[in-house]
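J.: I'll drop the sequence and a predicted model, then ask my questions.
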Amino acid sequence: MQTIDHSPHHAPDKIKFLVEKIDRLPTLPSILGKVLTITDDPDATAKDLEKAIIHDPPISAKVIAFANSPYYGFQRHVVDLASAISLIGFNAVKNITIGLSVFSCFHDPYSPLSTRVNAIYLHSFAVGFAADRLARFSRRCEREPAFLGGLLHDIGKMVLIKLLDLNYNSILEISQDKRAEIWQIEREVLGLDHSDAGAWLAKTWGLPELFVKAIQGHHLSGENTDPMARLLTLADLVIRKMGIGNGGNPCEPVIGDDLLGALALTGNDLAETIRMVEDSKATIVEMSHP
Ligand SMILES: [Fe+2]
Ligand SMILES: [Fe+2]
């Protein structure tokens, strides 16, 4: 049987080598820095946050749409940004801003790979929802960062698509032909996989270490004891099973009892999560529309 090198230790040099082949990787939009500063400031108010994002129409529109989504289930229809922020809260606004900022860096409607990038975005958004719901049931994970972790878990695929352009399709084709996990083929072909690339990007952009570790570990649940990495592994399997979006992976997702047990989750928790995600499916599709 073929052995796969799981170690990330050699990856940074290889990523650096790949990065040198392109002009530049996207930088994170400046609005993100502003929003992170405000949401981390205990004295900041909803008004401060409103001022920071009101000049960014896509983010403002998503915040308002989120406040009106069945995910929150508010009775009243929200039409203005200030009410939306106070209803959904700082953390939700932070999550939306980071998610949109990150994906806007990679979204190119004219690219021949845009359909694939959009399918990964939908997959990622759905994994964020599932991770958030699972974290409500698990006593092993903090809930607040779960949505964002899910949203970012496959960001390395965006990096690799940006770096390799259409050549990334060959990796997907080999993965389809061999019925092998994409990350295994990435390792065979590139010497690193999208979890290395994603963790590297998260680190380069200065995202909190929690996300760097979880993104790095999201395929290796058996050996990885990081609770957030395990949660993302499970959320990813759930969404692949439900067939929402497409991360490109051809392998049949199998959810082991050991993974559930490590997160202190029961079969009922899992069934309830699937039901909740199913109920939010239309919202997830709408919200993830670039
Ligand atoms: Fe992945
Ligand atoms: Fe994934």
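T.: Arrived safely. Ligands and ions are numbered 1, 2, ... in the order given.

J.: downstream neighbour of the helix ranked longest in the chain in the secondary structure list?
T.: Criterion DSSP state H: the longest helix present in the chain is helix 114-137. Per DSSP states H and E, the first helix or strand lying C-terminal to helix 114-137 is helix 146-152.

J.: hang on, the earlier thing: pLDDT on the longest helix of the chain, on average?
T.: Averaging pLDDT along helix 114-137 yields 92.

J.: C-alpha coordinates for it, CSV please?
T.: Provided in CSV are the C-alpha atoms of helix 114-137 (Å, rounded to 0.1, in the frame of the first residue of the first chain):
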residue,chain,number,x,y,z
SER,A,114,-15.0,30.4,-11.9
THR,A,115,-17.7,27.6,-11.8
ARG,A,116,-15.3,25.4,-9.8
VAL,A,117,-14.4,28.2,-7.4
ASN,A,118,-18.1,29.0,-6.9
ALA,A,119,-18.8,25.3,-6.1
ILE,A,120,-16.0,25.3,-3.6
TYR,A,121,-17.4,28.5,-2.1
LEU,A,122,-20.8,26.9,-1.7
HIS,A,123,-19.3,23.8,-0.2
SER,A,124,-17.2,25.9,2.2
PHE,A,125,-20.2,28.0,3.3
ALA,A,126,-22.3,24.9,3.9
VAL,A,127,-19.4,23.4,6.0
GLY,A,128,-19.4,26.6,8.0
PHE,A,129,-23.1,26.2,8.8
ALA,A,130,-22.6,22.5,9.7
ALA,A,131,-19.6,23.3,11.9
ASP,A,132,-21.6,26.0,13.7
ARG,A,133,-24.4,23.5,14.4
LEU,A,134,-22.1,20.7,15.4
ALA,A,135,-20.3,23.0,17.8
ARG,A,136,-23.6,23.8,19.5
PHE,A,137,-23.8,20.1,20.5
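
J.: what's the offset of it from the middle of its chain?
T.: With C-alpha atoms, centre = their mean, to the nearest Å as the basis, helix 114-137 stands 6 Å off its chain's centre.

J.: got it, and stretch 219-235?
T.: The answer for stretch 219-235 is 14 Å, by C-alpha atoms, centre = their mean.

J.: And for stretch 169-182?
T.: On the basis of C-alpha atoms, centre = their mean, stretch 169-182 sits 21 Å off its chain's mean C-alpha point.

J.: now do stretch 224-243
T.: Centre-to-centre, stretch 224-243 and its host chain are 11 Å apart (C-alpha atoms, centre = their mean).

J.: Flag every buried residue along it.
T.: 224, 226-240 (16 or more other C-beta atoms under 10 Å). Heads up, the C-betas are built off the backbone N, CA and C, glycines and all.

J.: Show me which residues of the protein sit near ligand 2.
T.: Neighbours of ligand 2 within the chain, by C-beta under 5 Å from the ion: 154, 236, 247.

J.: got a pLDDT number for the last one?
T.: pLDDT for residue 247: 74.

J.: Spell out which residues sit in contact with the closest residue to it other than its chain neighbours, please.
T.: By the measure of C-beta to C-beta, 6 or more residues apart in numbering, the closest residue to residue 247 outside its immediate chain neighbours is residue 123, 4.4 Å from it. Contact analysis of residue 123 by C-beta atoms under 8 Å, 6 or more residues apart in numbering lists 154, 239, 240, 244, 245, 246, 247.

J.: Also residue 246?
T.: Taking C-beta under 8 Å, 6+ apart, one finds 116, 119, 120, 122, 123 in contact with residue 246.

J.: Return the backbone torsion pair for it.
T.: With angles defined as degrees, to the nearest 10, residue 246 sits at phi -150, psi 110.
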